[in-house]
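Chemist: show me the folded form of this:
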Amino acid sequence: MRELSLHILDLVQNAIEAGANKVRLDIVEDMSEMDTLLIRVIDNGQGMDDDTCQKVIDPFVTSRTTRRVGLGLPLIDMSTKRCAGYLTIVSTPGSGTVVEALYKHSHWDRPPLGNIVETVKSIIIAHPELNFSYSHTVEKNVFSMVTQELTEILGNISLTQPDVLIWLHEYLTQNIMNLYNSRNLYGGVQDENN
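Modeler: Residues are numbered from 1 along each chain as shown. Below you'll find the predicted structure:
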């Protein structure tokens, strides 16, 4: 896949297909000390035993009935290894799954993160009933949002209502740009007096 955001969509879809109604996405970018990009998806789905956790990175093992090949996790595994990183899957039957994909941030083969604003919006639009948490860290700066909190504030107004989606797009865009601007990483000009 050309962008990591597509892997994220696949990981969240896997969680939902495993019966999760709560999914947390963490993105942690450490560009200075550790030089890493970590993507973590935590769900409360049905989970897997140790044997299944080992097998899911095999492209010819899938729980889907619509096809015999599952390429999502094998592709993530391959891309992390190509970029001096790793993929880990920790799961317990009945207790959910944690998938972590770590990349060397500066590795020249690392795919770009992609359009994370559209990725988060797509998850919310496709699964408005999902309790979805998103946290993004760039160095020490953190932005997070939880759909359950937004739903409580909105009351009877759906997150998929057009005006809400416009606001959500602007809210995500501004906060993610602020993460990068605070480090002068998004093309912003930093004041030398600060």
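Chemist: alpha carbons only for contacts and neighbour counts from here, please
Modeler: Will do.
Chemist: right, and residue 36 touches residue 105 too?
Modeler: Yes: A contact is recorded between residue 36 and residue 105 when judged using C-alpha atoms under 8 Å, the distance being 4.5 Å.
Chemist: which residues are common contacts for these two?
Modeler: When contacts are counted by C-alpha atoms under 8 Å, 6 or more residues apart in numbering, residue 36 and residue 105 have 29, 30 as shared neighbours.
Chemist: higher neighbour count, the two?
Modeler: A side-by-side neighbour count of residue 36 and residue 105, using other C-alpha atoms under 10 Å, places residue 105 first with 22 against 19.
Chemist: so what's that one up against?
Modeler: For residue 105, the set of contacting residues under the criterion of C-alpha under 8 Å, 6+ apart consists of 29, 30, 31, 35, 36, 37.
Chemist: report the buried residues of the helix or strand harbouring residue 74.
Modeler: Assigned by DSSP states H and E, residue 74 belongs to helix 72-82. Taking 16 or more other C-alpha atoms under 10 Å as the basis for neighbour counts, the residues of helix 72-82 that come out buried are 72, 73, 74, 76, 77, 79, 80, 82.
Chemist: distance between the helix-or-strand element of the chain with minimal mean pLDDT and the chain's centre?
Modeler: Comparing every helix and strand of the chain by mean pLDDT, DSSP states H and E singles out helix 50-55 as the least confident one, with a mean of 87. Helix 50-55 has its average C-alpha position 22 Å from the chain's average C-alpha position, going by C-alpha atoms, centre = their mean, to the nearest Å.
Chemist: quick one: buried residues of stretch 118-135?
Modeler: Of the residues in stretch 118-135, 120, 121, 123, 124, 125, 127, 128, 130, 131, 132, 133, 134 count as buried by neighbour count, 16+ other C-alpha under 10 Å.
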